[in-house]
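Chemist: here are the coordinates; sequence isn't available:
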C-alpha cells in the first residue's frame, strides 16, 4: 500500500510539474504577445508624398528603386486631379505608367521596362495611396462635389485607379472647400462631406468584393479660418487619417518674413500659426482623436530676398540662389557653413541668414524634425506626413531628415 501511495504521489508530482510548465509557457506567450501588441500599437505613420512630375527633371531622383521604403509606412502618389465630369486623370499618363508600373507604352500596350513603385513598395510592406488634387489642381472639386452624379462618377474613378495601379487607398487633397480663388462656393462645406461619404462607401464595397480593406485620408488645413469651411465632425468619422498640412504658416505671400513650420509660437502674433496650435485645433476644439491625426513636416524652406531678420519686410522669394522649384533641404544643407544659423528656442526651428546675399531662409533641419517627431510621440498622434520625400535626398543617397523621424519613432516603440 505504501509503495502504491509512493507511485501515486510521484504521478501527481509529474502531472503538477507538467501543468506548471504549461502555465509558465502560457505566461511567456501572453507576455510576449502583450509586448508585441504594445510595440505594434506604438508604430507611427511615416507618410511620404511623392511628386509625380519630378521624373522629368532627368536627375534620377525619383527612380522608384531609390526610395528608402524601409523608412516609410505609406507613400502618397501626388497628384491625379478631377475633371469637371468626375473622372480622375493624371497629369502625365506616360510618366504614371513608368513610375507606378514600370511600363513604357511606345505603341505596344504595357511594354515592361522595370518594376514599378507600387510593386516595390508592397515588397517592403509599404502601402501606396493615390493623392488627388493639390494646390494647383483643386479648381474642379467644387463642381464635382455639387452633384450626386459627378460624386458617384468620382468615386467609381477612384476605384478604377486602384484597379489599374494597385493603390491601397485614396487621399483627397482639395485645397480648399470654400476657397474663392479655387472656384470655391458656400456649398462646398456640405458637399465635401458628401463626396467623402460616396468615396468611403465605394472603397468599402470594392474592398468587400476583393477581400481587402482600402484607406481613405485627406490633406487638411492647419488654420482655424480655413477649417471653418469643413463639417469636421462628419469628416473625421469618414476618414482613417486626417493629414494636417502644418507648414506654409508663413511664405512669400505674406508681407513679413517668418517661420515656415514652427512647432510652437515664437511670439504672440503667431499663436495660431504653428504645429501645436493646429494639433490642439483638431484634438481639443473639435475633439478629433489624436490617434487619427498626422502632422506635417516640410523637407523644404522659404527663402526671403533682401531680408536678414525675422518679421521683416523683404523683396519676394530668392530665386537667384535657390531653384524656382523651392528651397529643399538637399539644397539648403550644403550652404549652412556659409551662413549664420540661428535657433529659435521658442518655436523649436532654425533659420539661416546669408549676410552677403541679404537672404533669410526659414526651414527645418535634423534638430527641429526631431522635436516634431517627439511631439507626435508625446501627444500620441498617428504620425507624420512629409512634403515631400525627395526634399532631403542627398547626392550620396543619404536621407538625414527621414532618418531622424524613423530613428525617433523606432527608438521609442522598442522601449
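Modeler: Great, that's in hand. Just so it is clear, the model here is predicted, and its values are computed rather than measured.

Chemist: Could you double-check that residue 362 lies in contact with residue 252?
Modeler: No - in this structure residue 362 lies outside contact range of residue 252 using CB atoms under 8 Å: 10.7 Å. From N, CA and C alone the C-beta is placed, and that goes for glycine too.

Chemist: Quick check: neighbours shared by those two?
Modeler: Contact criterion CB atoms under 8 Å, 6 or more residues apart in numbering; residues shared by residue 362 and residue 252: 302, 304.

Chemist: More neighbours: which of these two?
Modeler: When residue 362 and residue 252 are compared for neighbours, residue 362 comes out ahead with 26 against 15, by other CB atoms under 10 Å.

Chemist: ok, the more buried one - contacts?
Modeler: 250, 257-260, 301-302, 304, 310, 349, 351.

Chemist: which SSE is the residue lying closest to it once chain neighbours are set aside in?
Modeler: Leaving aside its sequence neighbours, residue 362 sits nearest to residue 260 (CB to CB, 6 or more residues apart in numbering; 4.4 Å). With the criterion set as DSSP states H and E, no secondary-structure element contains residue 260; it sits in neither a helix nor a strand.

Chemist: Run a quick neighbour tally on residue 260.
Modeler: 20.

Chemist: got it, and residue 242?
Modeler: Using other CB under 10 Å, residue 242 has 22 neighbouring residues.

Chemist: separation between it and residue 64?
Modeler: Distance check for residue 242 against residue 64: by CB to CB, to the nearest Å, it reads 28 Å.

Chemist: quick one: the strands in the stretch 101-250 of the chain?
Modeler: Secondary structure of the stretch 101-250 of the chain by DSSP state E, counting those that start in this stretch: the strands cover 127-133, 169-173, 215-220, 241-244.

Chemist: would CSV of those with mean pLDDT and distance to residue 369 be doable?
Modeler: Conversion of those to CSV gives the following (pLDDT from 0 to 100; distance: least, CB to CB, whole Å):
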stretch, mean pLDDT, distance to residue 369
strand 127-133, 98, 22
strand 169-173, 98, 22
strand 215-220, 98, 19
strand 241-244, 98, 16
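
Chemist: Would you format those as CSV with distance to residue 96 included?
Modeler: Below are those laid out as CSV (distance: least, CB to CB, whole Å):
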stretch, distance to residue 96
strand 127-133, 10
strand 169-173, 15
strand 215-220, 20
strand 241-244, 22
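
Chemist: Which among those strands is found nearest to residue 393?
Modeler: strand 127-133 (18.3 Å; CB to CB).

Chemist: Quick one: list the elements packing against the closest one.
Modeler: For strand 127-133, the helices and strands in contact under the criterion 3 or more CB pairs under 8 Å, 6 or more residues apart in numbering; DSSP states H and E are strand 74-82, helix 117-123, helix 148-165, strand 169-173, strand 215-220.
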